[in-house]
Every structure is written in C-alpha cells, then in structure tokens.
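**Q** need a structure here:
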Amino acid sequence: MLKKSISKIKKFFRAKHYWYMPKEFELLIYDEVGSESFKEYLDPKYFYVLDTRIEKLNLFIFLKSIIKKNFKWNSQSYIHEYIKEINPKIIISAIDNNLNYWMLKNYFKDIKIIFIQNGIRDRIFDIFDKLDERHYKKFTIDKMFVFNRPIGKVYSKYINGDIIPIGSINNNKIPISNTDDGSIIYISQWTKYIPETYPQGYKHFVDFHYSEEYLFKLVSKFSSENNLKLKVLGRSFNEEEERFFKKINNNFIFLKRDEKSRNTSYKRINESKFVVTTDSTLGYEALSRGKKTAIISCRGKFLNMDILKFGWPYNFDDYGPFWTNINDESYFFKIMNYLQNVSDKEWSETVSNVIENIMLYDYNNKILKNNFKKLNLKTKF
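**A** This next block holds a predicted model:
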C-alpha cells in the first residue's frame, strides 16, 4: 500500500502541471504513442490527444477526479474523468495491447471504441500472456483493425467486435520499390537490459538475445562467402547495441533507427537485396512488400518456448522455403541459397500462398480510409 502511494506521489510531481477546462471533441485519441500513424489522415480541429501516461497533468481534471473518488485517486479515475469532459463520440488508439483500453466500454457504453494493431503480438511478455480466455468475461471493442485474419481470431477469443484486417498502417504508406543495392540487411531485436522488462532475471535476458548472436553469426558467414555487403538495422538509438554486434563481427554497416521517422526503416528495407530477421514486425512487413526475406524463428527453441513460431497464430510447418522454427545451420544456408536463386515470379507466387495469414499490404491504407469515412470521421482526404 505504501509503495503504491509513493508511486502515485512521484507520478504527480514528475508530471508537467497545467490548468484549464477541456473543450469537447468528437474524436478522442487515447495515448500519443502510435497515434502519428493515423493522425495525418484526420482533421486536427476535430480530435484531442489524451496523455494517458500522465506526463502532463491537468489540475482541473485531477481535482475533480480525486474528489469524486473520495481522495482515493488513481490514474484510471483521472483518465475516465478526462474522457467525460471531452465527451467524444469515438475513441481510437494504437495501443492495442492495453487492458485498460480494452475495459473502456465498461464505463462508456455509448462511445465507439476502436484500436489499430501496432505490432506483432504473441503469448510471451505481451497482452495474450496476461489473459486466460476461460477466466475472463469478454471485453468489447467496436472495431479492431489488425494485421491479418488469424490474429483477429485470437483477439476475438477475448473481445467482442468487428475484426478488419488491414496489414500494418505504417508499412502501407510506403510504396513498393524494386531497388537493390546488393546488401543483406539484418533487423536487430536487441534491447537494453531493464529489470522491469525481464522479471525472470538477467539470465532470461541473455537467453532471449542468444538467438540474435546465433543468427548474426550465420548471416555474417553467408555475406562473407557471397561477397554481399552486410548492414544491421538497429532497434534502438543506443551505442551499446552496435557494440553487441561488433563483438560477433566487425565488418558491417550499422544503421541507427531514425527517431523522427519510421519511414526511414522501410526505405532501407526497400534498398536491400535480402532481409534476415528472427521474428520482428519489420521483417514481416518486408515480406508483405515482396522483399526476399528469411525469417529464422529460432528464439523459441533457445528459450524452450514452443509458441514463438513463424507466423503465429497461424499454424505453419517448422520448415518452409524462406522460414524455419529450428536452429538448424544447414537449413539457414538452404534458405539463403533459395533467396539468391529464386526468380522474381516464383518468389511472388511462393509469398502469395502464405502472406494473407501473416501481413496484408494495402498501399495507401485504402481499407482504413474507407472505414474512417463510414464512421463519419472528419478526415483530410
């Protein structure tokens, strides 16, 4: 109890304070994170972005919420009070893996609740790891814009509402390009060790990253033997990430993520000849763009977790023409040789047989825009 109280006090004093009575808006964007992916389609005169992480605190709403709760304040009472003041007809968010967002319909039955999937979801350290369909009454989200139909079926185990596959909203904005600079680009999933992120301890963090070390050694060997330029697309802006890979191989170009634009990552993918990844969202996005991509989903074998497989939740075989779930060195080289030799026509046919169960590609987000129109949202198009 004391620990929670101290945490609330810290959150209060860390936040920037301001005081005004909010205006009403037809549309409320729940949380800034990920909202840049769809805000550009909406008329800013008609929406309000709610800071749900309480980095900025409206003292008017704060006092109102604390009085209503008899001074037993928490962040959700503040957020709910803020929503009442905005009085929106629709709430939309890109934090599709947030239980507090899933529960909004319990408090605001007359407001349409919508989310847009923002990343690959799984049953490890993610939303489905926190849920048990046998013990939960179903939530309600009016519309769920998701990567593919199989993941939509998983959401449907826990949520009532319309499932609309659209692929990745950010990926859909970038046109497909046939440029090829003759390089292999390895998509890093390295993360800095933070105890809160790895409650199982440091050993689990090391085991989680062993697949990065294992796969990067193989990629380095293949690029060297085939005289291909090797690039590593970083996940962070941290120099420690570059050092991690340089301990394995010093002969590569490290590409830092662009803090200001996600589009840079897609453009770098477009420029490459081949893409290699374990299980990153960007790797699946590259595949949906038709880029020759090897997905080596071996992390589950190193962690002894059978669910970290290629294309989950769809049940693909452990071995495929451009993927494997097994840490098998010889099969990795078989996949890479296939990517080198397969014709563009055959590659397109191979990918078309599996891509609808992985990641749609809908250039210019036509499906999403049509749905925004049906919802009578004030848009820029």
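
**Q** how about low-confidence regions in the chain?
**A** Scanning the chain for pLDDT under 70 picks out 1-15, 122-126, 132-136, 259-261, 306-307.

**Q** so what secondary structure elements neighbour the longest helix anywhere in it?
**A** The residue-count maximum for a helix in the chain (DSSP state H) belongs to helix 202-225. Secondary-structure packing of helix 202-225 (3 or more CB pairs under 8 Å, 6 or more residues apart in numbering; DSSP states H and E): strand 183-187, strand 229-233, helix 239-246, helix 299-303, helix 329-341. C-beta: built from backbone N, CA, C; applies to glycine.

**Q** let's go with 7 Å and repeat that
**A** strand 183-187, strand 229-233, helix 299-303, helix 329-341 (3 or more CB pairs under 7 Å, 6 or more residues apart in numbering; DSSP states H and E).

**Q** Could you say which one of those comes nearest to K153?
**A** K153 lies closest to helix 299-303 among the helices and strands packed on helix 202-225, at 20.7 Å (CB to CB).

**Q** Just the residues contacting the closest one, thanks.
**A** Helix 299-303 is contacted from outside by 207-208, 210-211, 278-279, 306-309, 325-327, using CB atoms under 7 Å, 6 or more residues apart in numbering.

**Q** swap in stretch 373-381?
**A** Taking CB under 7 Å, 6+ apart as the rule, stretch 373-381 contacts 27, 41-43, 46, 90, 369, 372.

**Q** Including distance to Y284, neighbour count and secondary structure, could those residues go into CSV?
**A** Formatted as CSV, these follow (distance: CB to CB, whole Å; neighbours: other CB atoms under 10 Å; DSSP: H, G, I helix; E, B strand; the rest coil):
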residue, distance to Y284, neighbour count, secondary structure
L27, 29, 21, strand
Y41, 23, 15, coil
L42, 26, 19, strand
D43, 32, 13, coil
Y46, 33, 13, helix
I90, 29, 20, strand
K369, 22, 17, helix
F372, 24, 20, helix
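
**Q** could you pull out the helices for the stretch 51-200 of the chain?
**A** 59-68, 75-86, 99-102, 104-107, 149-158 (DSSP state H, counting those that start in this stretch).

**Q** Report the buried residues of the first one.
**A** Right, helix 59-68. 60-62, 64-66 (16 or more other CB atoms under 10 Å).

**Q** How about the second one?
**A** For helix 75-86, the buried set under the neighbour-count rule, 16+ other CB under 10 Å, comprises 77-86.

**Q** What of stretch 220-230?
**A** 220, 222-223, 228, 230.

**Q** can you redo those as TSV with distance to K173?
**A** Output for the buried residues of stretch 220-230, formatted as TSV (distance: CB to CB, whole Å):
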residue	distance to K173
S220	32
F222	31
S223	30
L228	29
L230	28
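
**Q** burial count for F216?
**A** A count of neighbours around F216, defined by other CB atoms under 10 Å, yields 23.

**Q** just to revisit the earlier point, just curious, which of the buried residues of helix 59-68 is nearest to L339?
**A** I61 (54.2 Å).

**Q** Would you agree the closest one is in contact with Y82?
**A** Yes: between I61 and Y82 there is a contact at 5.0 Å, judged by CB atoms under 7 Å.

**Q** still on that earlier bit, which of the helices of the stretch 51-200 of the chain sits closest to L255?
**A** L255 lies closest to helix 149-158 among the helices of the stretch 51-200 of the chain, at 28.4 Å (CB to CB).

**Q** Distance from the chain centre to that closest one, please.
**A** Its chain's average C-alpha position is 16 Å from that of helix 149-158, according to CA atoms, centre = their mean, to the nearest Å.

**Q** and what of stretch 52-66?
**A** 28 Å.

**Q** do you know how far the residue nearest to M359 when sequence neighbours are not counted is from K69?
**A** Of all residues not flanking M359 in the chain, S288 sits nearest, at 4.0 Å (CB to CB, 6 or more residues apart in numbering). Per CB to CB, to the nearest Å, S288 is found 46 Å from K69.

**Q** Having no further points to raise, I will conclude here.
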